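Peer 1: Show me the folded form of this:
(one chain, ligands or ions: 1)
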Amino acid sequence: MNSRTSPAIELRGASKVFRTPSGAPHTAVRDLDLTVERGEFVAVVGPTGCGKSTTLTLVSGLEEPTEGDVLVGGEPVSGIADDVGFVFQQDAVFPWRTVLSNVMAGPRFRGVPKQEARERARQWLTRVGLEAFEDRYPHQLSGGQRKRVSLAATFVNDPKILLMDEPFSALDVQTRALMSDELLDLWSGTGASVVFVTHDLEESIALADKVVVMTAGPATVKEVFEIDLPRPRKVEQVRLQTEFTDIYREIWSSLGEEVRITRERGAGHAA
Ligand SMILES: Nc1ncnc2c1ncn2[C@@H]1O[C@H](COP(=O)(O)OP(=O)(O)OP(=O)(O)O)[C@@H](O)[C@H]1O
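Peer 2: Modelled structure (predicted):
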């Protein structure tokens, strides 16, 4: 398989062992196999602390696997690639830069001439509904608006891979639903492959083509569920469909077990 036909992301038998401050090893991810096809939207759910973020850091190149392989576009990951975009729970914006300057930063960093970077940034700001806010500073925006800036600043770089770690979890419920719709809208047509980590099973089903359930830590893939709901989707409408409830119940019976295991371990520690 060459790099044109290979999946967007592959983890093969990937494990990650950290050294804790006491020097003891801690296995965060164990023998994890996961494939993300090109253009696919994959959501990852699992109990708290199981190793979801660590999995993303392996794909991003921020961390190397202790064992196994992590391939992006058929090539082993080495360092942080230019065509990988990140959106985290915290706002990844420069507080001292205006909205426009924030969105231009990625293209400028990648060598795009100023005028072109400005035009591209303005196009994305229009797409996220912030064209009238380009001169504001991040502290003059709402949480949802700042998140829109982060999305514009990510999509403006035309990422082939988008890694999202609970990007909307700090937002209120209504803003969250709006942002999910906005994300689907921005993503559609880009061809980007997305890995979206969330605690919210409803969110994962509404957004994804595939929901990956992780085990209680150390994380490995327990089950993968295909989500056949038609696109384009509006998350609030998707949630009202009977298929949605059926899928939710099926995935929760798998995920709930891992959540219980994690809770029982927690209770054990407290005892
Ligand atoms: N740099 C590190 N050094 C030592 N241990 C780490 C490190 N990073 C993560 N861990 C541990 O690895 C385990 C998995 O962490 P990770 O952040 O990947 O989980 P998660 O599933 O994303 O958690 P959450 O759902 O709470 O966000 C945790 O027990 C965590 O304490």
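
Peer 1: Every contact and neighbour count from this point should use C-alpha atoms.
Peer 2: Fine.

Peer 1: Please enumerate residues in contact with stretch 237-253?
Peer 2: 201-202, 205-206, 213, 225, 227, 229 (C-alpha atoms under 8 Å, 6 or more residues apart in numbering).

Peer 1: Now do that stretch, average pLDDT.
Peer 2: Here stretch 237-253 scores 95 as its mean pLDDT.

Peer 1: And the closest residue to Asp181 other than its chain neighbours, how far from Leu163?
Peer 2: Among residues not flanking Asp181 along the chain, Lys234 sits closest, at 5.8 Å (C-alpha to C-alpha, 6 or more residues apart in numbering). Distance, Lys234 to Leu163, using C-alpha to C-alpha, to the nearest Å: 21 Å.

Peer 1: list the contacts for the residue nearest to the spatial centre of the chain?
Peer 2: Geometric centre of the chain, nearest residue: Met164, 1.9 Å, by C-alpha atoms, centre = their mean. Applying C-alpha under 8 Å, 6+ apart, we find Met164 in contact with 86-88, 194-197.

Peer 1: Quick one: which of these has the lowest pLDDT value?
Peer 2: Note: of those, the lowest pLDDT belongs to Phe88, at 87.

Peer 1: re earlier: more neighbours: which of Lys234 and Leu163?
Peer 2: More crowded of Lys234 and Leu163, by other C-alpha atoms under 10 Å: Leu163, with 23 against 17.

Peer 1: That one should be in a strand, yeah?
Peer 2: Yes. Leu163 forms part of a strand when assessed by DSSP: H, G, I helix; E, B strand; the rest coil.

Peer 1: Tell me the confidence at it?
Peer 2: We note a pLDDT of 96 for Leu163 in this prediction.

Peer 1: Over to the one 3 residues further on?
Peer 2: At Glu166 the predicted local distance difference test score is 94.

Peer 1: Any buried residues in stretch 12-21, and which?
Peer 2: 12-17 (16 or more other C-alpha atoms under 10 Å).

Peer 1: And the average pLDDT for it is what?
Peer 2: Across stretch 12-21, pLDDT averages out at 95.

Peer 1: mind starting the numbering at 29 from now?
Peer 2: New numbering, starting at 29: the last item is stretch 40-49.

Peer 1: So is that stretch next to the ligand?
Peer 2: Yes. Interface with the ligand: stretch 40-49 contributes 46-48 (C-alpha under 6 Å from any ligand atom).

Peer 1: Dump that stretch to PDB, restricted to CA.
Peer 2: The C-alpha atoms that make up stretch 40-49 are tabulated as PDB, following Å, rounded to 0.1, in the frame of the first residue of the first chain:
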ATOM      1  CA  ARG A  40      -0.900  -0.800  15.100                       C
ATOM      2  CA  GLY A  41      -0.300  -2.500  18.400                       C
ATOM      3  CA  ALA A  42       0.500   1.000  19.900                       C
ATOM      4  CA  SER A  43       1.400   1.200  23.600                       C
ATOM      5  CA  LYS A  44       2.500   4.200  25.600                       C
ATOM      6  CA  VAL A  45       4.200   3.800  29.000                       C
ATOM      7  CA  PHE A  46       4.900   7.000  31.000                       C
ATOM      8  CA  ARG A  47       7.300   7.400  33.800                       C
ATOM      9  CA  THR A  48       5.500   8.800  36.800                       C
ATOM     10  CA  PRO A  49       7.300  11.300  39.100                       C
END
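
Peer 1: mind checking how far it is from the chain centre?
Peer 2: Mean C-alpha position of stretch 40-49 versus that of the full chain (C-alpha atoms, centre = their mean, to the nearest Å) differs by 20 Å.

Peer 1: partner strands of the helix or strand Arg40 falls within, parallel or antiparallel?
Peer 2: Secondary structure assignment for Arg40, by DSSP states H and E: strand 37-47. In the sheet, strand 37-47 lines up against strand 53-64 (antiparallel), strand 95-100 (antiparallel) (DSSP bridges).

Peer 1: how about the first one: buried residues?
Peer 2: Which is strand 53-64. 55-62, 64.
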